[in-house]
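Enquirer: Got a sequence here, can you model it:
(2 chains)
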Amino acid sequence: MGLNKKDVTLLIIVAILCLFAPFILNPFPEGSAMAQFNAGYPDLMQRLVIFGIFAIGFNILFGLTGYLSFGHAAFLGVGSYAAIWMMKLLTMNVIPAIIISVLVAGLFSLLVGWISLRRSGIYFSILTLAFAQMSYSLAYSVLTPITGGETGLQPKVNDPRILDGALAAGETPRANLFGLQMNESYEMAVGGWVFTFNAGYYMAAVVMLIAFYISIRIFRSPFGMMLRAVKSNQQRLNYTGLNAKPYTLAAFVISGMYAGLAGGLLVAMDTQVGAERMFWTASGEVVLMTILGGAGTLIGPVLGAGFIKYMENIVSKINKSILEQWFAFMPDGIEDLLITLVYPFIGKGWHLTLGILFMLVVIFLPGGLVEGGQRVGRLFKRKKPADDKPDGRTTPAE
Amino acid sequence: MSNTKLTRRGLIKTGAVAGAAGLALPTYLRADGHAGFLNAPTGDTVTLGFNVPQSGPYADEGADELRAYELAVEHLNGEGDGGLMNTFTSKALQGNGILGKKVEYVTGDTQTKSDAARASAKSMIEKDGAIMITGGSSSGVAVAVQALCQEAGVIFMAGLTHSNDTTGKDRRANGFRHFFNSYMSGAALAPVLQNAYGSDRKAYHLTADYNWGYTTEEAVRTSTEAMGWETVNTVLTPLTQTDFSSYIAPVLQSGADVLVLNHYGGNMVNSLTNAVQFGLRDKQVNGKNFEIVVPLYSRLMAKGAGANVKGIFGSTNWHWSLQDEGSKAFVQSFGTKYGFPPSQAAHTCYVQALLYADAVERAGSFNPCAVVEALEGFEFDGMGNGPTLYRAEDHQCFKDVLVVKGKENPTSEFDLLEIVEVTPVEQVTYAPDHPQFAGGSLGTCNPGA
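Expert: The predicted structure is shown next:
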């Protein structure tokens, strides 16, 4: 496959994690107090891998070239809109939708990149941010006939769908892969546990593995080397007579296409697009994911994406009555005290918890979660420092 | 600690344990399978999903909605004073949960983003086994979650959503709205405005540049033009705008003598404050006093705009100062629990929760299709809005609409609006295929199995 042994191992590990995610994410038996923390339900598993793709793509730009795009959500959104229009006009099969979402996002990122890459550093970030906010505002108001504005777009019973046959009476259009519906699941009950295997999740996971493989190849290729050169010293690169722009533009478009792919998959899993998908906080989120996981590392962005989506979906759903359940066994005074102390960090306070964790990671693990993993790994095994890294660890990307 | 949450999954689990007696034998089943409809409650509890904005611009309303839901659950389970269950004309609810099952609930944060709202609703349906989703404080979210519930096969009881589209072009068989809409605001306001300001007026609209803004502007414009007003100009303002001075200045040159602010929340607070600061209300144009109108009012907005709302007309779904038995009972029981009167968002959410529970009782089943049947064409009273009809054609509630005015001498921070007129339901009723609502179809109910 053109990979070295280490990368093959990494790819296999990721594949195994994806395959067994329904087990890994559901460690607690149903009905137990800890079941709150289970994440093995289809919607979240789908989001974990899809935002993984988004972050992998972002990392190709940010991790390799160092160009910090603050408007990547625009490509995700454009991809989503393209995908839903394919579903409305052509067919509910997800394949055309995903292909077109990648293409449209690619074209849009070519335009944005071509303009934005005239500048670097903070000016580049601001330009991309401006484009993304512009797309958001357009989608939210001016382009309402195409984007549905505030209410967004969903497939409707009376859409044309020229490739699909007519729906049976009372049937709603559902996203499918040649007849296999994306929301179809099988549940397996083992003892106290219930594991859900969802068709859509496995499709997204396969796409994610392909995306991950391509990303490894890019990281290890001469092209990836050039991108790293751009990051370490673009001026020096220019003085050697090389024009860096085609490389950075290519990286920008590739990562835009990754974002479009993620957008298309989001629509394939949950057939709805809203303009908020392009809001600047969404662009900020992917930056957080990448930095949290470890920018410039292969697996980091996926971990970061998983971490943030987990917090968003699990911590935000803990409410006061659940806290009361947890602490019910304690004496009244202590129970109230604990609830008062913990309450600000759960439910609507999940942003606060995420913020604190992000700060801790940035301060104590500048290389992100990946560095954390490496440190833990070093605690357990002493091995000789590798030749090319004298201190025996991967230098984090700045 | 808590093994009380028996869900469909719980039963599967128990069955598997009993059957296998320690042997881990996997049982394969279709996810949305074997009980006739999705998430059928099998134990002695039933789970409802309360999906409200806990962060973002409408977090205040979301917090009030959640309070109302908690109160509703209390009353359904027979705790507290029973609230509106005492005044509700349907007596199916016993105070022993729903169909004898204790009501439990899960909460989520919509963040007032349709993506986040759907993710949160999906996790309630897929993970927590919620049989009904309710809440929300914006039409975008309502439409998105309603479509999701239709696909998944659970009931959606909309919270605060005022855009025509929710029960217009985006109506769904599994979705129901108790709150009123833009059309009703326009129809209710027009006669009151005619009485107060005459029928020879020139109106200038500032409209928030998104879906709800468009439908509200259209509704108000059509209604006021029908009684003789002229619309001088309509200008769209970006949703994120905080300073409206550049939009207010041209109003004075336009020759208009009424300014209609189709804004909600923070937008309205800012635009109204700007307009008043520009001295618009002290001006004389065409020999008449310059007036300002705000189609959709809420108490939280009135609070934000402070003294600027004095004497300004608008419409609202419900107000705590209403003196009918239902409203008094609700204010009483909400006030006892939380120490202040409920907002209209709280009221509509509370009523929706009760209406759902009542429909299940009357249908004798949690099956969404049975619930849809029980709610369609359902007539009731005693919920604070007078006699109300859940129309079968579009799942919209038809009831009286309140026209309110900013109070001149408020006595407390909650006493900001006074009721000018209760517009009777006949005046705000429209045909299900009215042009402002055209293009939608309910489809058929989906039980998810």
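
Enquirer: I'd like to know how many residues surround the nearest residue to B:Arg281 once chain neighbours are set aside.
Expert: In space, and not counting its chain neighbours, B:Arg281 is closest to B:Phe290: 6.1 Å by C-beta to C-beta, 6 or more residues apart in numbering or on different chains. C-betas here are computed from N, CA, C, even on glycine. By other C-beta atoms under 10 Å in any protein chain shown, 19 other residues sit near B:Phe290.

Enquirer: same check, this time on A:Thr151
Expert: Other residues close to A:Thr151 by other C-beta under 10 Å number 30.

Enquirer: hey, where'd the helices end up in chain B?
Expert: All helices of chain B, identified by DSSP state H, fall at B:8-20, B:59-76, B:114-126, B:139-152, B:182-197, B:211-226, B:245-253, B:266-277, B:299-305, B:325-338, B:344-363, B:368-375, B:425-428.

Enquirer: Could you list every helix and strand that the strand or helix carrying A:Ala259 packs against?
Expert: Here A:Ala259 sits within helix A:245-269, counting by DSSP states H and E. Identification of packing neighbours for helix A:245-269 by 3 or more C-beta pairs under 8 Å, 6 or more residues apart in numbering or on different chains; DSSP states H and E yields helix A:42-59, helix A:73-89, helix A:94-116, helix A:199-220, helix A:222-232.

Enquirer: wait, which of those helices is closest to B:Phe378?
Expert: Relative to B:Phe378, the nearest member of the helices and strands packed on helix A:245-269 by C-beta to C-beta is helix A:42-59, separated by 32.1 Å.

Enquirer: And the contacts of stretch A:161-168?
Expert: For stretch A:161-168, contacts defined as C-beta atoms under 8 Å, 6 or more residues apart in numbering or on different chains pick out A:87-93, A:157, A:173.

Enquirer: Which ones, among the residues you listed, also lie beside chain B?
Expert: Filtering these for proximity to chain B (criterion: C-beta under 8 Å from any C-beta of the partner chain) leaves A:Val157.

Enquirer: Now A:Ala35. Nearest residue, chain neighbours left out?
Expert: Closest to A:Ala35 by C-beta to C-beta, 6+ apart is A:Phe28, at 4.9 Å.

Enquirer: and that neighbour, what is it in contact with?
Expert: Taking C-beta under 8 Å, 6+ apart as the test, what A:Phe28 contacts is A:34-35, A:37-38.

Enquirer: Also B:Val276?
Expert: Applying C-beta under 8 Å, 6+ apart as the definition, the contact partners of B:Val276 turn out to be B:292, B:308.

Enquirer: Recalculate using a threshold of 6 Å.
Expert: B:Val276 is in contact with B:Asn308, counting by C-beta atoms under 6 Å, 6 or more residues apart in numbering or on different chains.

Enquirer: Please name the nearest non-neighbouring residue to B:Val251.
Expert: Nearest in space to B:Val251, with sequence neighbours left out and distances taken as C-beta to C-beta, 6+ apart, is B:Tyr204 at 5.1 Å.

Enquirer: how distant is stretch B:347-357 from the center of its chain?
Expert: 10 Å (C-alpha atoms, centre = their mean, to the nearest Å).

Enquirer: And the contacts of it?
Expert: Applying C-beta under 6 Å, 6+ apart, the set of residues contacting stretch B:347-357 from outside is B:65, B:68-69, B:72, B:76, B:93, B:98, B:132, B:134, B:157, B:159, B:178-179, B:317-318, B:383.
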